[in-house]
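# what follows is a predicted protein model with its sequence.
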Amino acid sequence: MRTTVRNLILVMMVVALLGCFAFAATAAEFESSDDALAYLDGYSDNVGTDENFEENISAAIDTMQQEISVYATILALLPPVIAIVLALITKEVYSSLFIGILSGALLYSNGNVWSMVTFTFDTMIGMLSDSWNVGILIFLVVLGMMVSLVNRAGGTAAYGRWAATHIKSRTGALISTCVLGMLIFIDDYFNCLTVGSVMRPVTDKHNISRSKLAYIIDATAAPVCIIAPISSWAAAVSSVAPEGQGLKLFISAIPYNFYALLTLTMVILMSVLKMDFGKMRLHEQNAMNGDLYSSENRPYAAADQQEGNPRGRVIDLIIPIVSLIICCVLTMVYTGGFFDATSDSYMNFIDAFGNSDASVGLVLGSVLALVITAILYVPRKIVTMKEFTGSVSDGFKLMASAILILTFAWTLSGVTNAMGAKIFVAEFVRTAASGLSNFLPGIVFLIALGLAFATGTSWGTFGILLPIVCSVFPNGELMVVAVSACLAGAVAGDHCSPISDTTIMASTGAQCEHINHVSTQLPYAMLVAGVSFVGFVLAGFVQSAWIVLPICLVLLIAALLVIRRIQK
């Protein structure tokens, strides 16, 4: 506690000092900061349509800097850096995120402490009242209820016994988890929680650490979604791509998405070669000795120890999970207008999926699956009505840690966005593009990685960077390479970031302590990111995925073999 307070005071002093050195611009051509903010919010549209964009964007930033001295400066990236560094050093996720939020709010408020407090909680309330975020939280709680019910009914234990007779090796358990993650490509949130619920009994049976399970879940969530044409991610990318090019551009970029393809290759190679490195190696050694967590802090241990009904069968796990998948797919296309005769997406699965509201669809689907689960359990009396209603509080308790981390992560993202971090990065990309066309894919990859790592959002990253990339390269193969570099960098940064909601979901799905997941996954993700960067630099000149991708695969395999030899 004393260490946390001391860190808080030290960070606040440094941030306040930095805020004093930040300066406000003197010229402004916008009548008010609201007008300037409205123009900046439309950055993605204005960059390609406004003939006077150069002058107007400069004037808008100048106007904002009169009120927020650090707006769209490099200091806007400081809060997430503080939070991430503190989390990795202290192993305290909650306090580190909160200190990052307070430091950003202090910079935003130009050193005014009271304004810092009000801005912090205004932002937090705003994030928690956002309809998308509320939907995700409800989905989490309902999934927690289903996990609790399946455990009570004995379905998890029965599946574990069945898996023990059919999946007889650690490699088989790892590959099975990987394959299931690849098959559930609809949505990354859904993927993380579903794969975790199904495969935990299997990986536990073969003494695979929760950190390794979390890594596989995370590595087969966003990286799979970003190369799947029918997914919520494809819809998000299509929505920010130039009009008429959305899905076509997304599909063309798939062979160049080196990070996603190499990450999936890495998971399979690590499973087949039976190797680990970095902190993951220690966690796996501990798991072989019976310690699946490698941590004294075990927020999910109570759920693991919950005794189920001995009459439970494998079907008591399979039916709820299959129902969840089917219901979520149907309700997602429902929100996209698939069943609406007046909609342009009527009876068109791909268009309906592209227009769907994943947050609403996942809530509706999970609630329907919960009802089906109740019908399956209660009449057979393997779960009483009292136990069913008790699962409401159990589900919330199970997901409380994830909800708290998500709340802080969303708030930190809101603070960072209010400070103009995305505008700063976007302007850096735009001004650096001239004269570096062949090197631009590599540069875009690094910038997208850094922005997604700092903000914890891949969607927000490619939402701001894609229009800039498309305006620099209106057509041609180099545009496809640069677009893919943007998508790959966004996924890589999201994969590495401890404040990413997908990373948090992977920890939750594996029921692994969050900071353990982050610290063990980081070396793996950075190795793949390094090889991918080399690939994008080469692709900027060669402009052929069928030449560059095999080179990247050889580099990755060689790097793993070198690491394995060093370890031996």
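Sure thing, it's come through. Numbers count the residues shown, from 1 in each chain.
# state the mean pLDDT of stretch 137-152.
For stretch 137-152, the mean pLDDT works out to 83.
# I should have written stretch 74-92 there, sorry.
84.
# identify each buried residue in that stretch, please.
75-80, 82-84, 86-87, 91-92 (16 or more other C-beta atoms under 10 Å). For every residue, glycine as well, the C-beta is placed using N, CA and C.
# what is the distance between stretch 530-550 and the centre of its chain?
Its chain's C-alpha centre and that of stretch 530-550 lie 25 Å apart, by C-alpha atoms, centre = their mean, to the nearest Å.
# please save the CA atoms from that stretch in CSV.
Extracted as CSV, the C-alpha positions of stretch 530-550 are listed here (Å, rounded to 0.1, in the frame of the first residue of the first chain):
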residue,chain,number,x,y,z
GLY,A,530,9.6,-8.2,-35.2
VAL,A,531,9.4,-10.8,-38.0
SER,A,532,6.2,-9.1,-39.3
PHE,A,533,8.0,-5.7,-39.4
VAL,A,534,10.7,-7.2,-41.6
GLY,A,535,8.0,-8.7,-43.8
PHE,A,536,6.3,-5.4,-44.3
VAL,A,537,9.5,-3.6,-45.1
LEU,A,538,10.2,-6.3,-47.8
ALA,A,539,6.6,-6.1,-49.0
GLY,A,540,7.0,-2.4,-49.6
PHE,A,541,9.5,-3.2,-52.3
VAL,A,542,8.6,-6.7,-53.5
GLN,A,543,4.8,-6.2,-53.3
SER,A,544,4.0,-9.9,-53.5
ALA,A,545,2.7,-11.8,-50.5
TRP,A,546,3.6,-15.1,-52.0
ILE,A,547,7.2,-14.2,-51.9
VAL,A,548,7.4,-12.3,-48.6
LEU,A,549,5.2,-14.7,-46.5
PRO,A,550,7.4,-17.8,-47.0
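# that stretch: which residues count as buried?
Buried residues in stretch 530-550 (16+ other C-beta under 10 Å): 531-533, 535-540, 542-543, 545, 548-549.
# out of these, which is nearest to residue 290?
residue 531 (34.8 Å; C-beta to C-beta).
# surely that closest one and residue 558 touch.
No: using C-beta atoms under 8 Å, residue 531 makes no contact with residue 558, being 9.5 Å away.
# quickly list what's touching both of those two.
Shared contacts of residue 531 and residue 558 (C-beta atoms under 8 Å, 6 or more residues apart in numbering): none.
# which positions in the helix or strand containing residue 328 come out as buried?
Using DSSP states H and E, residue 328 sits in helix 315-335. Buried positions in helix 315-335, judged by neighbour count with 16+ other C-beta under 10 Å: 316-317, 319-321, 323-325, 327-329, 331-335.
# of those, closest to residue 457?
Distances from residue 457 to those, taken by C-beta to C-beta, are shortest for residue 332, at 20.5 Å.
# how near is the nearest residue to the closest one once chain neighbours are set aside to residue 402?
The shortest distance from residue 332 to any residue other than its chain neighbours is 3.4 Å, reached at residue 361 (C-beta to C-beta, 6 or more residues apart in numbering). Per C-beta to C-beta, to the nearest Å, residue 361 is found 20 Å from residue 402.
# so what secondary structure elements neighbour the helix holding residue 328?
helix 131-153, helix 155-166, helix 188-205, helix 349-354, helix 358-377 (3 or more C-beta pairs under 8 Å, 6 or more residues apart in numbering; DSSP states H and E).
# pick out the shakiest of these, pLDDT-wise.
helix 349-354 (a mean of 74).
# what residues sit buried inside that one?
For helix 349-354, using 16+ other C-beta under 10 Å, the buried residues are 350, 351, 352, 353, 354.
# convert the C-alpha atoms of it to CSV, please.
C-alpha atoms of helix 349-354 as CSV (Å, rounded to 0.1, in the frame of the first residue of the first chain):
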residue,chain,number,x,y,z
PHE,A,349,-26.2,-13.2,-44.5
ILE,A,350,-23.0,-11.4,-45.3
ASP,A,351,-24.5,-7.9,-45.5
ALA,A,352,-26.6,-8.6,-42.3
PHE,A,353,-23.4,-9.6,-40.5
GLY,A,354,-21.6,-6.6,-41.7
